[in-house]
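In: starting from these lines, generate the structure:
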Amino acid sequence: MGQAGRCNSMMRGWTRHVILAGVVLTATPAGLRATLPDRAHDFHVSYTRIAVEPTVVSAQLRLFADDVTRALIERSPARSLTLGSPQGEVAFQAYLAEHFPVTANGKRLTPIVVSGSQDRDMWSYIVTWTSATPITSLSLHNAALMELFDDQQNIVKVKVIATGQEQTLFYAGGSRVDQVVRF
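Out: Alright, predicted model coming up:
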């Protein structure tokens with residue numbers, strides 16, 4: 001076996017070990033994960049993945065549960081709100097329309113919260129926006145939680161399903177600037 005063959009063999013072995021380590025880490029039993037101590041987070045970030053289909057924008061938004069609860073309670077006249085409840089989803093939908101506007105082809109779309117769920121200290125929402133016409137450009141800005149936290153950072157990854165085109169957008173420092181993705 002030549003030098004190149006030994007190098008390729010070593011890389012395949014190393015890759016198998018890395019993949020195995022990833023499987024072991026992600027396969028940790030739920031009971032064990034539940035026993036890990038909760039820690040207060042000292043940074044404020046959200047992560048959104050968006051998939052653009054011909055007339056539908058679908059997104060998964062992940063935010064810290066305590067942060068989004070605070071944002072919604074401060075806007076609620078009742079001063080109490082449970083994430084995941086019908087009232088909580090309606091409140092988040094209104095919050096999202098104001099703080100994360102999505103415009104397709106120059107027309108502002110209305111968000112619809114499909115579901116919400118909690119995973120440890122993070123809250124995940126599935127949201128859709130529907131356009132009457134095929135989407136060729138998307139203008140958006142994610143200012144979620146920026147009214148509460150000076151250090152809030154929001155990352156949005158947009159993927160156009162038809163072409164595979166991807167773009168990552170970053171919002172920080174109270175940004176109110178729209179970013180446009182054309183396809």
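
In: domain parsing for this structure?
Out: The record's domain parsing of the chain by automatic domain parsing lists 3-34, 42-182.

In: quick check: which of those domains is buried the most?
Out: domain 42-182 (a mean of 16; mean count of other Cβ atoms under 10 Å). The C-beta positions use only the backbone N, C-alpha and C, and glycine is treated the same way.

In: my guess is Thr136 meets Val180, correct?
Out: No. Taking contacts as Cβ atoms under 8 Å, Thr136 lies outside contact range of Val180: 11.0 Å.

In: can you pull out the strands in the protein?
Out: Here the chain has its strands, by DSSP state E, at 45-52, 56-64, 102-104, 107-108, 112-119, 122-130, 137-140, 153-160, 166-172, 179-182.

In: what about the protein, any weak spots by pLDDT?
Out: Applying pLDDT under 70 to the chain flags the ranges 1-40.

In: centroid residue for it?
Out: Thr48 (2.1 Å; Cα atoms, centre = their mean).

In: how close does it sit to Lys107?
Out: According to Cβ to Cβ, to the nearest Å, Thr48 and Lys107 sit 20 Å apart.

In: quick one: residues in contact with stretch 156-176.
Out: 47-54, 138, 140-143, 146, 150, 152-155, 179, 181, 183 (Cβ atoms under 8 Å, 6 or more residues apart in numbering).

In: go again with 6 Å.
Out: Stretch 156-176 is contacted by residues 48-53, 142-143, 146, 153-155, 179, 181, 183 when judged by Cβ atoms under 6 Å, 6 or more residues apart in numbering.
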